[in-house]
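*Asks:* could you work out the structure for the sequence below:
(2 chains)
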Amino acid sequence: MDVESFVEKKIEEIRKIVGGKKAIAACSGGVDSTTAAMLVSKAIGGNLTCVFVDTGFMRKGEVEEVTRMLQSLGLPLKFVDAKQEFLEALKGVVDPEEKRRIIGEKFIRVLENVAEEVGAEYLVQGTIAPDWIESGGGLRDRIKTHHNVAGLPKEMKLKLVEPLKDLYKDEVREVARFLGIEWSERQPFPGPGLAIRIVGEVTQEKLEIVREANAIVEEEIEKAVERGEIEKPWQYFAVLLPVRSVGVHGDVRRYGYVIAIRVVYSVDGMTAEYAKLPHELLESISIRITNTLGKKVNRVVYDITHKPPGTIEWE
Amino acid sequence: MGVKIYVVDNGGQWTHREWRVLRELGVETKIIENTTPLETIDADALVLSGGALCVATEYQKLGRIGEYIDSGLPILAICVSHQYLAFHFGGRAGPAKVPEYGKTEIIIENQNDIFKGLPDRIVVWESHNDEIIELPQCFIVLAHSKNCKYQAIKHERRPIYGLQFHPEVEHTQYGREIFKNFIELVSR
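*Replies:* Numbering: from 1, shown residues only, chains lettered A, B, ... in the order given. The predicted model follows:
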């Protein structure tokens, strides 16, 4: 794609749409939302405020990391702690689609409050092609409710600005590099975060388990990439299954959770191949997870499903 | 002058990918609804997308693609549209004995036209519940897989091609070459 002319065209379009009005940008620290916010800021300057919502579903150390990253952009930034609100809203909810809808609606309500504070009429989102494609509509089947598309409440006051709607992740990364965004190669992380990496009901305990397991997967994979043993995968993460199995720890019976590891290669997220990782690497991830989370997790499995038939995330 | 090839949307997950590949190959393209009146379509050829529909029971939802097929324009029909070709010309499509999802190998029997320059076996990505069960006599088979006899077909006289697999996704080997061959056919 011709990145330069794309950026010029989008800036002009955004200026026409937003004019002299104010906007907020929902920023998770991911490549899509950061790129969208940067484009809009180039178009409307100080009329844009970035908002980071801490849902409580972020990865280990991510809130601090993302705050630093977003501050480095030099754009006005608001931080909202909505951890309790999100967790309470998901109490007793098991269905993955319902989870995604609840999270989508919560996001909008939180963002509407900020918009009111700063007097914004527009909401900038980093929506990309797979989000609306998989959300379905018309003839297209809904594969999953992406929180920023099908998860939006029917009634909302904010008008959407989505400059990346027609791009896939690999194209967004090109735009991000062009705009000088340092973390243009960061791995995708879904808006609903760890809430959809816990199959079944989300609880504080399960969040802590999956957060720790995920940190181990990320660390071990990244070390292997640095050592040149594997190419950097598209995505690599842990999923907590709602299944327990029997284990034996120091001659004691344990009945613990199962962690599934998902590592895939993809270019655009629309098709994906599971990564044929060396067994030594899988072994070190497995041992670290079960030793670290001993009382809670006693079994680790590796997901060997392509997309299709599986999707990358489990929910 | 560049050619114009439009993508007819039947609700596939990869309709937009077809548009992207055509755009990247320098073709003037856009996505149109499958109910667009034929007389308003100023394209040189059409790609008919896949979709979640079942040809035997939901063919009405495929809108006007029958008219497009009869229009004389070169046609590249993918997945559900490929199955519709059989239905349209008097054959049959229905549930596949072995549905294929994701990675599959196909064997190319006839390298003419859209498979020009490709090896005999390629890895492609699939996503289908149904398949062609009875191929109309006016079609020639170009490729098959272990579980599916009709992975690629061609009308014996007209520039109409059907593919059960998805040349538009990144994981399909030589997908771009298949599109390039189709574009070349259209440009001739």
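
*Asks:* give me the number of residues near A:M69?
*Replies:* Counted with other C-beta atoms under 10 Å in any protein chain shown, residues neighbouring A:M69 total 18. All C-beta spots, glycine's among them, are computed from the backbone N, C-alpha and C.

*Asks:* what residues does whichever residue of chain B sits closest to chain A make contact with?
*Replies:* Nearest residue of chain B to chain A (C-beta to the nearest C-beta) works out as B:G11 at 2.8 Å. When contacts are counted by C-beta atoms under 8 Å, 6 or more residues apart in numbering or on different chains, B:G11 touches A:G138, A:L139, A:R140, A:D141, B:S49, B:G51, B:A52, B:L53.

*Asks:* quick one: the strands in the stretch 201-315 of chain A?
*Replies:* A:235-249, A:252-265, A:273-274, A:297-302 (DSSP state E, counting those that start in this stretch).

*Asks:* kindly present those as TSV, with separate columns for mean pLDDT, mean neighbour count and distance to B:L163.
*Replies:* As requested, the strands of the stretch 201-315 of chain A are exported to TSV (pLDDT from 0 to 100; neighbours: other C-beta atoms under 10 Å in any protein chain shown; distance: least, C-beta to C-beta, whole Å):
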stretch	mean pLDDT	mean neighbour count	distance to B:L163
strand A:235-249	96	17	29
strand A:252-265	96	18	24
strand A:273-274	98	18	21
strand A:297-302	97	20	33
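
*Asks:* to A:Q125, which of these lies closest?
*Replies:* Closest to A:Q125 of these is strand A:235-249 (C-beta to C-beta; 20.6 Å).

*Asks:* using the three-state scheme, assign A:L152.
*Replies:* coil (DSSP: H, G, I helix; E, B strand; the rest coil).

*Asks:* isn't it up against A:I108?
*Replies:* Yes: using C-beta atoms under 8 Å, A:L152 is in contact with A:I108, at 6.2 Å.

*Asks:* which parts of the stretch 101-250 of chain A sit against chain B?
*Replies:* By C-beta under 8 Å from any C-beta of the partner chain, the residues of the stretch 101-250 of chain A that approach chain B are A:A129, A:I133, A:E134, A:G138, A:L139, A:R140, A:D141, A:I143, A:D166, A:Y168.

*Asks:* any idea how far the last one lies from A:D32?
*Replies:* Just to be clear, that refers to A:Y168. 10 Å (C-beta to C-beta, to the nearest Å).

*Asks:* any common contacting residues for the two?
*Replies:* Common neighbours of A:Y168 and A:D32, counting by C-beta under 8 Å, 6+ apart, are A:I128.

*Asks:* between the two, which is the more surrounded one?
*Replies:* Taking neighbours as other C-beta under 10 Å, A:Y168 and A:D32 compare with A:D32 leading, 25 against 21.

*Asks:* spit out the contact partners of the more buried one.
*Replies:* A:G126, A:T127, A:I128, A:L164, A:K169, A:V172.

*Asks:* switch these over to a markdown table; also include neighbour count.
*Replies:* Below are these laid out as a markdown table (neighbours: other C-beta atoms under 10 Å in any protein chain shown):
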| residue | neighbour count |
| --- | --- |
| A:G126 | 25 |
| A:T127 | 24 |
| A:I128 | 27 |
| A:L164 | 26 |
| A:K169 | 23 |
| A:V172 | 24 |
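
*Asks:* skipping its backbone neighbours, what lies nearest whichever residue of chain A sits closest to chain B in space?
*Replies:* When distances are taken as C-beta to the nearest C-beta, chain A reaches nearest to chain B at A:L139, 2.8 Å away. What sits nearest to A:L139 in space, not counting adjacent residues and going by C-beta to C-beta, 6 or more residues apart in numbering or on different chains, is B:G11, at 2.8 Å.

*Asks:* also B:G162?
*Replies:* B:H82 (3.5 Å).

*Asks:* do the same with B:E131
*Replies:* Here the nearest residue to B:E131 in space, its sequence neighbours aside, is B:A96; by C-beta to C-beta, 6+ apart that works out to 4.0 Å.

*Asks:* check which helix or strand covers residue 101.
*Replies:* With no chain named, the answer covers chain A. Here A:R101, judged by DSSP states H and E, is contained in helix A:96-118.

*Asks:* not quite, go with chain B.
*Replies:* In this structure, B:Y101 is located in strand B:92-108 according to DSSP H and E.

*Asks:* now do the buried residues in that strand.
*Replies:* B:A93, B:G94, B:A96, B:E100, B:Y101, B:G102, B:T104, B:I106, B:I108 (16 or more other C-beta atoms under 10 Å in any protein chain shown).

*Asks:* and the first one, bridged to which residues?
*Replies:* Which is B:A93. Beta-bridge pairing for B:A93 (DSSP bridges): B:I132.

*Asks:* that one contacts B:V55, doesn't it?
*Replies:* Yes: using C-beta under 8 Å, B:A93 makes contact with B:V55 at a distance of 4.5 Å.

*Asks:* so for the two, which residues contact both of them?
*Replies:* Contacts common to B:A93 and B:V55, judged by C-beta under 8 Å, 6+ apart, are B:Q83, B:Y84, B:F87, B:D130.

*Asks:* so which of these are in helices?
*Replies:* The helices, defined by DSSP state H, take in B:Q83, B:Y84, B:F87 from these.

*Asks:* who are the contact partners of the second one?
*Replies:* If you count contacts by C-beta under 8 Å, 6+ apart, B:Y84 has them with B:L48, B:V55, B:Y59, B:L62, B:I65, B:G66, B:I69, B:A77, B:A93.

*Asks:* could you pick out the buried ones from those?
*Replies:* Applying 16+ other C-beta under 10 Å to these, the neighbour count classes B:L48, B:V55, B:Y59, B:L62, B:I65, B:I69, B:A77, B:A93 as buried.

*Asks:* in strands only, show me those residues.
*Replies:* Those of the buried ones among the contacts of B:Y84 mapping onto strands are B:L48, B:A77, B:A93, per DSSP state E.

*Asks:* tell me the one among the residues you listed nearest to A:F52.
*Replies:* A:F52 lies nearest to B:L48 out of those, by C-beta to C-beta, at 43.6 Å.

*Asks:* for the closest one, which residues are in contact?
*Replies:* B:L48 makes contact with B:V8, B:N10, B:N34, B:I65, B:Y68, B:I69, B:I75, B:L76, B:A77, B:I78, B:S81, B:Y84, according to C-beta under 8 Å, 6+ apart.

*Asks:* give the closest residue to it in space, chain neighbours not counted.
*Replies:* Distances taken as C-beta to C-beta, 6+ apart put B:S81 closest to B:L48, at 3.5 Å, once the chain neighbours are dropped.

*Asks:* all helices for the stretch 151-300 of chain A, in order.
*Replies:* A:169-178, A:204-226, A:279-292 (DSSP state H, counting those that start in this stretch).

*Asks:* can you list those in JSON lines and add mean pLDDT?
*Replies:* Shown next, in JSON lines, are the helices of the stretch 151-300 of chain A (pLDDT from 0 to 100):
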{"stretch": "helix A:169-178", "mean pLDDT": "98"}
{"stretch": "helix A:204-226", "mean pLDDT": "98"}
{"stretch": "helix A:279-292", "mean pLDDT": "98"}
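
*Asks:* quick revisit: please report how far the residue nearest to B:G162 lies from B:L118.
*Replies:* B:H82 is 18 Å from B:L118, by C-beta to C-beta.
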